[in-house]
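Peer 1: Fold the following for me, if possible:
(2 chains)
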Amino acid sequence: AQKITQTQPGMFVQEKEAVTLDCTYDTSDPSYGLFWYKQPSSGEMIFLIYQGSYDQQNATEGRYSLNFQKARKSANLVISASQLGDSAMYFCAMTQGGSEKLVFGKGTKLTVNP
Amino acid sequence: DTEVTQTPKHLVMGMTNKKSLKCEQHMGHRAMYWYKQKAKKPPELMFVYSYEKLSINESVPSRFSPECPNSSLLNLHLHALQPEDSALYLCASSLLGRTDTQYFGPGTRLTVL
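Peer 2: Below you'll find the predicted structure:
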């Protein structure tokens, strides 16, 4: 079964600085997808970025980029130029093979300080 | 537009009540999902519907009964719930399932008294 590990329960960053949220994964399936979601205190799960296991380049979406290191099985999220509105819980998640099951890590709570 | 809507936003029910949660999407997605999320925990998958047929049931107790009347609508019928069932219930949809991105609704906060 696939497994997602987020080792940082909480992170703090100053406004306008960059921050990296760590995510490692474990799977024996060569085909998988990696996702990052943001969950503000309101509860909605907001999709940020996706990386496929066969993608050659790291995914980027605006201020979000995914540092994909396949050999190390890591998929870290980099947020550039942090904003106060980035304060939220961030979840790393993955699907594998032909399964629709999305498995989440425990999450990292990011706090952006002014 | 990647909007998934859920109603109601909040629900308080007694252990003998019967209630339903509703989820709707108009993105043409053919896979829909129910997740349960307890406080300070990640979401846990409950059910997956693919092309309006139940494809995954993560051993959820029978007091939770999902229904997919059509490709745009997903219901979760609740009956004889326990206080420990209090949680945020999230609905999601994706184009065809598998590794397609799942888009989530705002959730229903359920409290069982």
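Peer 1: who's in contact with residue 104?
Peer 2: Using chain A here. For A:F104, the contact set (Cβ atoms under 8 Å, 6 or more residues apart in numbering or on different chains) comprises A:4, A:37, A:91-93, B:42-43. Using the backbone N, CA and C atoms, a C-beta is placed for each residue, glycine as well.
Peer 1: my question was about chain B
Peer 2: B:F104 makes contact with A:37, A:44-47, B:4, B:35, B:90-92, according to Cβ under 8 Å, 6+ apart.
Peer 1: Just give the number of residues close to the closest residue to it other than its chain neighbours.
Peer 2: In space, not counting the residues next to it along the chain, B:F104 is nearest to A:M45; the distance is 3.8 Å by Cβ to Cβ, 6 or more residues apart in numbering or on different chains. For A:M45, the count of nearby residues is 26 (other Cβ atoms under 10 Å in any protein chain shown).
Peer 1: Ok, the one 10 residues further on next?
Peer 2: Under the neighbour criterion other Cβ under 10 Å, A:D55 is assigned a count of 14.
Peer 1: That one sits in which helix or strand?
Peer 2: For A:D55, there is no host helix or strand (DSSP states H and E).
Peer 1: Format the contacts of A:F104 as TSV; extra columns: neighbour count.
Peer 2: Formatted as TSV, the contacts of A:F104 follow (neighbours: other Cβ atoms under 10 Å in any protein chain shown):
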residue	neighbour count
A:I4	23
A:Y37	25
A:F91	25
A:C92	28
A:A93	25
B:P42	22
B:P43	28
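Peer 1: Which members of these occur in strands, if any?
Peer 2: Within these, residues falling in strands by DSSP state E are A:4, A:37, A:91-93.
Peer 1: filter those residues by proximity to chain B?
Peer 2: Applying Cβ under 8 Å from any Cβ of the partner chain to the ones in strands among the contacts of A:F104, one finds that A:37, A:91, A:93 fall near chain B.
Peer 1: Quick check, the first one in contact with A:A88.
Peer 2: No - taking contacts as Cβ atoms under 8 Å, A:Y37 lies outside contact range of A:A88: 9.5 Å.
Peer 1: Next to chain A, which bits of chain B? Give me the list.
Peer 2: Listed as neighbours of chain A in chain B under the rule Cβ under 8 Å from any Cβ: B:2, B:31, B:33, B:41-43, B:45, B:48, B:50, B:55-56, B:88, B:90, B:92, B:94, B:97-99, B:101-107, B:109.
Peer 1: before we move on, the earlier item: for the contacts of B:F104, which one is nearest A:G105?
Peer 2: The closest of these to A:G105 turns out to be A:Y37 (Cβ to Cβ; 10.1 Å).
Peer 1: pLDDT below threshold where in chain B?
Peer 2: Low-confidence segments of chain B, defined by pLDDT under 70: B:1-2, B:97-98.
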